[in-house]
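1. sequence unknown, structure follows:
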């Protein structure tokens, strides 16, 4: 059974990584078959409602399943060792639903494609994606994405306890992963109505998600996290901690 659980964890991780790579093309409108702005635009109100619902599905899944109360109830249904893997899988499937059902909204707010500025914006967006990936490794990439849970379960061992740490980018901003996504979503040479909705919707989710996440972190680490929060900015490196 442990081998099956491990294979499940590996599968969930691979699905996540494929989804992450697809996200780059989906948002940037290149390489992948279905992007944010590909296809023919339909009725604006219909597209607006559908796209808003798609973003809501991801936001609700991603936030609710990450809360302690939900986890405690969830592990009464599934094995605790599969909780993180299943969370990652469902988050990936929620993103796939967005890619599949997203409706283009063709009005263009700005278009600097083919210019030096456009090339710079593409580079900045790609930097945002790279920033996200590096930030996950600075903490523990494989634990965040459930693969470490699967590995320790395969060995019949418990995960080591969580220590509070602020490596690399975390010395300058408390949430570099969210910062990277924000950079990736907003830096675009072509800003359409659909892209703007996506960028605003994900930024709104980011701010709400941070509030919920920090409440959990304070519950877990107490004064240690409060002190960190008082020294280091949330998203923009406006003040610096000494950790």
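-> Yes, it's here. Everything numeric here is computed off the predicted structure, so don't read it as measured data. Numbers count the residues shown, from 1 in each chain.
2. which intervals of the chain have sub-threshold pLDDT?
-> For the chain, the stretches flagged by pLDDT under 70 are 239-243.
3. in it, which helix has the most residues?
-> Longest helix in the chain, counting residues (DSSP state H): helix 193-221.
4. which strands or helices does that helix pack on?
-> For helix 193-221, the packing partners by 3 or more C-beta pairs under 8 Å, 6 or more residues apart in numbering; DSSP states H and E come out as helix 44-64, strand 108-111, helix 176-186, helix 223-231. The way it works is simple: take the backbone N, C-alpha and C, and place the C-beta from them, glycine included.
5. by how many degrees do it and helix 176-186 diverge?
-> Interaxial angle, helix 193-221 versus helix 176-186 (axes from the mean of the first three to the mean of the last three C-alpha atoms, to 10 degrees): 180 degrees.
6. pull out the buried positions in helix 193-221.
-> Applying a neighbour-count criterion of 16 or more other C-beta atoms under 10 Å, one finds 193-199, 201-203, 205-206, 209-210, 213-214, 217 buried in helix 193-221.
7. what do you get for stretch 59-76?
-> 59, 61, 62, 63, 65, 74.
8. distance to residue 41 for these - can I get that in a markdown table?
-> Formatted as a markdown table, the buried residues of stretch 59-76 follow (distance: C-beta to C-beta, whole Å):
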| residue | distance to residue 41 |
| --- | --- |
| 59 | 24 |
| 61 | 27 |
| 62 | 28 |
| 63 | 30 |
| 65 | 33 |
| 74 | 39 |
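9. between the residues you listed, which sits nearest residue 137?
-> Proximity to residue 137 was ranked across the buried residues of stretch 59-76 by C-beta to C-beta; first place goes to residue 62, at 20.3 Å.
10. now residue 31, nearest residue through space, not along the chain?
-> Spatial nearest neighbour of residue 31, chain neighbours left out: residue 25 (4.3 Å); criterion: C-beta to C-beta, 6 or more residues apart in numbering.
11. contact partners for the one you found?
-> Applying C-beta atoms under 8 Å, 6 or more residues apart in numbering, we find residue 25 in contact with 31, 32, 35.
12. in the helix or strand that contains it, what's buried?
-> Residue 25 is part of helix 2-28 when elements are defined by DSSP states H and E. For helix 2-28, the neighbour count (16+ other C-beta under 10 Å) marks 5-6, 8-9, 12-13, 15-16, 19-20, 22-28 as buried.
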